[in-house]
Every structure is written in C-alpha cells, then in structure tokens.
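1. Sequence first, predicted model second:
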Amino acid sequence: MAQQRRWTRTAHRAHAAITVVVLVAVLVLNLTRTIDRYTALRLFLAVEVPLLVVFVVLTLLRLRRVARTPADDDHSILDRGLAEEPLLRPAVSELRYYHSLVLAVAGKPRVPAGATPFGYTKGTMGIPIAIGVVSLVELVVVHILVPWPWLRIVLLILSIWGVLFVAGFFASRVVHPHIVTADSLHLRWGHATVLTTSLANVSSVARRTNHAHTQPHVDGDRLILTQFQSTNVALRFVDPVPTDAPVPKKDRPGDAHVTEVQLYVDDPDAFLQAVAPVTDGATA
C-alpha cells in the first residue's frame with residue numbers, strides 16, 4: 001500500500017509538471033507568433049486536453065485516498081490533504097488566507113462560544129493599506145508605459161492577486177486571535193495554533209517589553225511571539241508546553257517545549273485580568 005501510494009504521488013507530480021510545461025510552451029509559441037492561434041488551438045486540443053484528463057483522473061484517485069482517511073477532530077480536510085501531498089502547502093495556505101479575508105470582511109472571527117478573544121495585530125494593518133496604494137499607482141504607471149495589452153492584463157491580474165494575498169495574510173491574524181476560555185489558554189498565529197495549555201499551568205503573567213525581536217523567535221525554552229511590534233506581556237508556565245512556533249524550520253527545535261512566552265496583545269491589561277485570577281496575581 002505504501003509503495004502504491006508513493007508511485008501514485010510520483011506519477012501525479014510528474015504529470016502535473018509535464019502538463020504545465022506543455023501549456024506554457026503553447027502559450028509562448030503563440031504569443032511570440034511562432035505559431036498562429038489556430039495551430040495553438042489544435043495543439044491544445046490534441047496534446048493538452050488529454051494530459052488534463054489524465055491529470056484529473058490521478059487527482060481524483062488521490063482525493064479519494066484523502067476522503068478515506070479517518071477524520072480527526074483536530075484535522076480538517078485541508079490538513080489531511082496536506083498529509084497526502086505536502087507540496088500543496090503554499091496553495092492550501094493561500095486558500096486559508098482568502099477564507100480569512102472573507103471572514104474578516106464579514107466580521108466573523110473564529111472564536112469559540114464562551115471564549116474571550118485577544119487580538120495581536122494593532123499597528124500592523126497599515127502595511128496592507130500601503131501595499132494597496134502602491135499597487136494602484138503601479139497599475140496607472142503600467143497602463144501608461146506598457147504598450148502590449150496582453151501584458152497589461154497579466155500585470156493587472158498579478159497586482160490584484162498580490163493585494164488580495166497580502167490582505168488575506170493579515171486577515172488570517174485578525175480572525176484568529178488568541179483566546180482564553182474558562183480553563184485554558186490558546187495562543188495563535190494566523191490559522192495555526194502555536195500553543196495550548198491549561199490556565200492552571202500558568203505560573204505568572206506580567207507586563208514585559210522586549211525590543212530585541214520584532215519577528216517570532218525561539219530562544220531555548222522561551223518563545224517570542226510578535227511581529228513589527230515589541231512584546232508587552234510575558235507568561236511563565238509551571239510545566240514546559242509543546243509549541244508549534246511560527247519560525248523557519250532551520251530555527252525551530254525538533255521537539256520544542258517552552259516555559260516562557262513573551263508576546264504582543266492589543267489590550268494587555270484585559271489579557272492580564274483574564275489570566276491573572278488563575279495565577280493568584282503572581283507576576284514575572
């Protein structure tokens with residue numbers, strides 16, 4: 001079974017690469033006027049369409065395997081799809097960003113009933129706005145300077161895609177705030193849960209500023225969880241807590257456990273009040 005799975009994965013990847021190469025080749029030949037549009041159409045129908053049919057069949061076979069995988073309460077269909085094909089990680093992440101953008105526009109954060117949310121994006125939302133303004137100026141310049149209509153259309157699509165991608169990236173953090181329930185703490189980073197522990201495991205919580213890092217960072221048993229801002233809260237735990245730190249793999253310990261987290265939250269005083277009663281008012 002494992003060997004058949006590897007063979008299907010390899011065949012699917014190779015076929016996808018061939019399909020893309022053929023499609024790009026036909027487009028380039030047509031755009032450079034090496035072949036006319038009718039020849040390009042015939043090549044598409046004779047070569048690309050059969051390749052696409054085979055690709056769809058291979059894709060359905062792999063999706064059927066994903067559908068047959070037993071569902072886990074903590075794993076969505078996207079997570080099971082990633083387990084089947086890790087190369088889909090960028091595409092799945094992008095889909096999640098767009099979903100987050102829709103949720104943000106609709107004002108529907110992903111907060112369970114009874115949980116208290118704590119945002120961590122204050123001061124960062126000017127970035128997607130600035131990118132949007134720059135992209136708008138870029139489109140005007142491109143429309144004036146680029147003489148080829150097809151290239152203007154391609155650049156327009158790329159600009160729109162870039163703005164939506166960046167907006168979705170930040171929206172994923174807006175709609176997935178940190179949450180505190182009656183007995184547990186959940187620290188998030190976008191759609192990923194970075195750390196989960198019971199409130200009884202929190203030994204102390206206090207205001208703490210750290211200007212050394214403005215990106216997520218793991219330093220031994222300490223996790224820095226912030227971006228573009230200094231931290232303003234520090235948590236310490238009785239027992240080490242496993243973490244899925246949002247840092248590059250080369251900087252991430254294989255089995256990371258932390259006893260301290262320094263993070264940024266939009267409303268640190270409210271966060272302290274939500275956690276401190278369980279810690280009996282202890283400070284770091």
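-> Yep, it's here. Numbering: from 1, shown residues only.
2. Surely Leu103 and Pro109 touch.
-> Yes: using CB atoms under 8 Å, Leu103 makes contact with Pro109 at a distance of 7.0 Å. Backbone N, C-alpha and C define where each C-beta goes, glycine included.
3. which residues do these two both contact?
-> In terms of CB atoms under 8 Å, 6 or more residues apart in numbering, Leu103 and Pro109 are both contacted by the residues Val175.
4. what's the longest helix in the protein?
-> helix 2-31 (DSSP state H).
5. How about residues contacting the helix or strand hosting His143?
-> Using DSSP states H and E, His143 falls within helix 126-145. Helix 126-145 has contacts (CB under 8 Å, 6+ apart) with 152, 155-156, 159, 162-163, 166-167, 169-170, 228.
6. One more: stretch 250-259?
-> Outside of stretch 250-259, the residues within contact range by CB under 8 Å, 6+ apart are 195, 217-218, 221-223, 236-237, 239-245.
7. Can you mark which positions in the longest helix of the chain are buried?
-> Within helix 2-31, the residues scored as buried using 16 or more other CB atoms under 10 Å are 9, 12, 15, 19, 22-23, 26, 30.
8. same question, stretch 210-217
-> Residues of stretch 210-217 classed as buried: 210, 216-217 (neighbour count, 16+ other CB under 10 Å).
9. any chance you could map the strands in this protein?
-> 116-118, 178-180, 184-189, 192-198, 202-210, 217-219, 222-225, 231-242, 257-263 (DSSP state E).
10. Distance to Arg96 and mean pLDDT for these - can I get that in a markdown table?
-> Below are these laid out as a markdown table (distance: least, CB to CB, whole Å; pLDDT from 0 to 100):
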| stretch | distance to Arg96 | mean pLDDT |
| --- | --- | --- |
| strand 116-118 | 18 | 95 |
| strand 178-180 | 18 | 95 |
| strand 184-189 | 12 | 95 |
| strand 192-198 | 10 | 92 |
| strand 202-210 | 29 | 90 |
| strand 217-219 | 23 | 88 |
| strand 222-225 | 19 | 92 |
| strand 231-242 | 22 | 93 |
| strand 257-263 | 22 | 94 |
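11. Can you lay out these as JSON lines showing distance to Asp269?
-> Formatted as JSON lines, those follow (distance: least, CB to CB, whole Å):
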{"stretch": "strand 116-118", "distance to Asp269": "11"}
{"stretch": "strand 178-180", "distance to Asp269": "14"}
{"stretch": "strand 184-189", "distance to Asp269": "17"}
{"stretch": "strand 192-198", "distance to Asp269": "21"}
{"stretch": "strand 202-210", "distance to Asp269": "8"}
{"stretch": "strand 217-219", "distance to Asp269": "25"}
{"stretch": "strand 222-225", "distance to Asp269": "18"}
{"stretch": "strand 231-242", "distance to Asp269": "10"}
{"stretch": "strand 257-263", "distance to Asp269": "14"}
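12. Thanks a lot, see you next time.
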